[in-house]
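*Asks:* sequence? don't have it. structure:
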C-alpha cells in the first residue's frame, strides 16, 4: 500500500510534476542520446555507479521489471526500479526496494539536480524532455539512496531511448510486436533493430520467444557486439504451467537448473514467459552463484503488477488490463478465455487515437459480449464518437454503447451487470490504454474503499 503523505509534501510533489510536464511531452521523441548523455555527464554519471539490468521489448516490460525487482529484493539486495508509464502517480516510475520513491527523497533529488536541466536546455536547440528529466531523476535518486542494482525499463524503442546511457550487465528483450510505428518503423524487423540497441558489447541478452524474423535480427545484433544470448525455448523455458487460484504455478528450466513450485499471483500464459525471462536475468546477474529456491519462490509470490489483468474488485468482478496494442490485446483474449469463467463480459474501453485501434477492437470482440466506449482524460484519447463508429463496424450496433467519461462508463457497466436473481457469472473488463486503466484504478479504489475496508 502507498503510504499517506503530508499535504505539504504532496503540494511539492505536484509542483515538481507540473514543472516536468511543462517540458517536451513524453510522446514527442527525438531519436538522439545527445541531451541525456550531456545531462548525466553533468551530473557525474550516476547511472554508472551501480550495476544495471535493462528491459526492452513491446509488451511485458513493466511486469518483467517488477519480477526482477522482487526476486533481487528477496535475495537481500537494495533495488532501484525505473518503469513507465505510471498508473496513478509518477512516483511509481522511480521505485526503491519495491516501493514508489518517498516524497521527501523525490523532492531532495529534484532540488539537487533541477538547475542542471536548465543548464542543458541552454546548450541545445531542443530542451530536455519530460522523459529525459524523469530518467535522470531516477538515476540520481538511485545513486543517492544508494542501491545495489538498478532495474531499468526502456521507455520506447531502445537504441536512442533515454535509458540507453546505462551500461547494463544483462539486457532482456520481451516479445516484440507492432507499436509506435511512427517512431520505430513499419515492420517487425525495423522495430527489432531499434529495440536491439540495448544489447551491449560483451554483455548478455535474454530473449523471450519472438517471431522468426525478429529472432534473426536480435541474434544478428548480439553477434555483432559479441553478446551471449539465452533464448526462450532453447537455453531456458517454462516447463509447466498450471492455473491456480489467484494466479498460476510454474516450473521453469533456467540456465543452471530447474526451479519448481513457483507461484505467481498473475494471470496469463504471457506472465509465465515473463517470469522465466526474469529468473534467467537474475541467474545471469549472480554469475556462478546458485540461486536460493526459497528466495526465488518468495520473490515471485510477492510480485504485483497493477493494471495487468488485475482483478481489482469482486462482486462485481472488475478486471483492469493495460492492453493498448494488438499484441497486448491478443494476450488479454487468451488469458480471459483460458483462466476466467464468465458467462457474460462487458468491456469498458478508452484508447489513444494514435494506436492501431481497429486491431485492438477486433481482438476485444472475441471475448466482450458488449462494449462501452469512452475516453480518458488525455488529449491523445480517441473521441468517443469515432471510437463508437469503429466499434459498431466490428461488434455490430446492438453490442456497442457509449459514455462521455470513464467514470460514467464504469457506473453504466456496473448498473448493467446488476440483475435480480441471476446466477450468471458476470464480469467487467476495463482496458485499451494505460491511462484508462490508471484512472479507473483510482476511481474504483475510492468508490469501494469503505466497503472493502469493512470486509477485511
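*Replies:* Thanks, I have the structure now. Quantities reported herein were computed from a predicted structural model and do not represent experimental measurements.
*Asks:* Run the chain-centre distance for whatever helix or strand residue 407 lives in.
*Replies:* Residue 407 belongs to helix 406-417 when assigned by DSSP states H and E. Distance, stretch centre to chain centre, for helix 406-417: 26 Å (CA atoms, centre = their mean, to the nearest Å).
*Asks:* Pairing partners for the following helix or strand past it, with directions?
*Replies:* Counting by DSSP H and E, the element after helix 406-417 in chain order, helix or strand, is strand 426-431. If you go by DSSP bridges, strand 426-431 pairs up with strand 317-321 (parallel), strand 344-349 (parallel).
*Asks:* Okay, angle between the helix holding residue 407 and strand 317-321 too, please.
*Replies:* Helix 406-417 runs at 140 degrees relative to strand 317-321, counting by axes from the mean of the first three to the mean of the last three CA atoms, to 10 degrees.
*Asks:* Show me what helix 406-417 is packed against.
*Replies:* Using 3 or more CB pairs under 8 Å, 6 or more residues apart in numbering; DSSP states H and E as the contact test, the elements touching helix 406-417 are strand 344-349, strand 370-373, strand 426-431, helix 434-455. (Glycine included, C-beta is placed from N, CA and C.)
*Asks:* Just tell me which of those ends up closest to residue 380.
*Replies:* Closest to residue 380 of the helices and strands packed on helix 406-417 is helix 434-455 (CB to CB; 8.3 Å).
*Asks:* got the contact list for the helix holding residue 407?
*Replies:* Residues outside helix 406-417 that contact it (CB atoms under 8 Å, 6 or more residues apart in numbering): 316, 346, 348, 350, 370, 372-377, 401, 403, 426, 428, 430, 436, 439-440, 443-444.
*Asks:* For that helix, buried residues please.
*Replies:* Residues of helix 406-417 classed as buried: 406, 409, 410, 412, 413, 414, 416, 417 (neighbour count, 16 or more other CB atoms under 10 Å).
*Asks:* Not including adjacent chain positions, what is the nearest residue to residue 448?
*Replies:* Distances taken as CB to CB, 6 or more residues apart in numbering place residue 313 nearest to residue 448, at 5.7 Å, with adjacent residues excluded.
*Asks:* circling back: what average pLDDT does the helix holding residue 407 get?
*Replies:* Averaging pLDDT along helix 406-417 yields 93.
*Asks:* Centre of the chain to stretch 244-263, how far?
*Replies:* Its chain's C-alpha centre and that of stretch 244-263 lie 22 Å apart, by CA atoms, centre = their mean.
*Asks:* picking up where we left off before, ok, so what distance separates the residue nearest to residue 448 from residue 244?
*Replies:* Distance of residue 313 to residue 244, given as CB to CB, to the nearest Å: 20 Å.
*Asks:* Name the residue in those two with the higher neighbour count.
*Replies:* Counted by other CB atoms under 10 Å, residue 313 and residue 244 do not tie: residue 313 has more neighbours, with 18 against 13.
*Asks:* And the more buried one, how far from residue 435?
*Replies:* 20 Å.
*Asks:* Also residue 67?
*Replies:* For residue 67 relative to residue 435 (CB to CB), the value is 23 Å.
*Asks:* Between the two, tell me which one has more neighbours.
*Replies:* Comparing residue 67 with residue 435 by other CB under 10 Å, the one with more neighbours is residue 67, at 29 against 23.
*Asks:* so which helix or strand takes in the residue nearest to that one when sequence neighbours are not counted?
*Replies:* Excluding its sequence neighbours, the residue lying closest to residue 67 (CB to CB, 6+ apart) is residue 278, at 3.6 Å. Using DSSP H and E, residue 278 maps to helix 269-285.
*Asks:* and that helix, what other elements does it pack with?
*Replies:* Helix 269-285 packs on helix 61-74, strand 170-173, strand 204-207, strand 237-244, strand 247-253, strand 258-264, helix 326-339, going by 3+ CB pairs under 8 Å, 6+ apart.
*Asks:* shaky segments in the protein?
*Replies:* For the chain, the stretches with pLDDT under 70 are 1-3, 26-30, 179-185, 419-424, 449-456.
*Asks:* what domains does the record give for it?
*Replies:* Using automatic domain parsing, the domains assigned to the chain come out as 7-301, 310-455.
*Asks:* Run through the residues that contact residue 430.
*Replies:* Neighbour list for residue 430: 318, 319, 320, 321, 347, 348, 349, 410, 436, 437, 440 [criterion: CB under 8 Å, 6+ apart].
*Asks:* and the first one, what does it touch?
*Replies:* Which is residue 318. If you count contacts by CB under 8 Å, 6+ apart, residue 318 has them with 311, 312, 427, 428, 430, 444.
*Asks:* now do the second one
*Replies:* Under the criterion of CB under 8 Å, 6+ apart, the neighbours of residue 319 are 309, 310, 311, 312, 336, 340, 427, 428, 429, 430.
*Asks:* ditto for the fourth one
*Replies:* Shown here is residue 321, whose contacts under the criterion CB under 8 Å, 6+ apart are 307, 308, 309, 310, 328, 332, 429, 430, 431, 437.
*Asks:* Who wins on neighbours among the residues you listed?
*Replies:* Neighbour max across those (other CB under 10 Å) = residue 430, 31 neighbours.
*Asks:* Next one: that residue from residue 350, what distance?
*Replies:* For residue 430, the distance to residue 350 (CB to CB) stands at 8 Å.
*Asks:* can you list residues touching both of those two?
*Replies:* Common neighbours of residue 430 and residue 350, using CB under 8 Å, 6+ apart, are residue 436.
*Asks:* Show me what residue 230 is bridged to.
*Replies:* With DSSP bridges as the rule, residue 230 is bridged to residue 206.
*Asks:* That one contacts residue 256, correct?
*Replies:* No: using CB atoms under 8 Å, residue 230 is not in contact with residue 256, being 11.0 Å away.
*Asks:* got the contact list for the nearest residue to residue 174 once chain neighbours are set aside?
*Replies:* Leaving out its chain neighbours, the residue that sits closest to residue 174 by CB to CB, 6+ apart is residue 57, at 3.0 Å. By CB under 8 Å, 6+ apart, the contact list for residue 57 reads 64, 154, 172, 173, 174, 175, 176, 195, 208.
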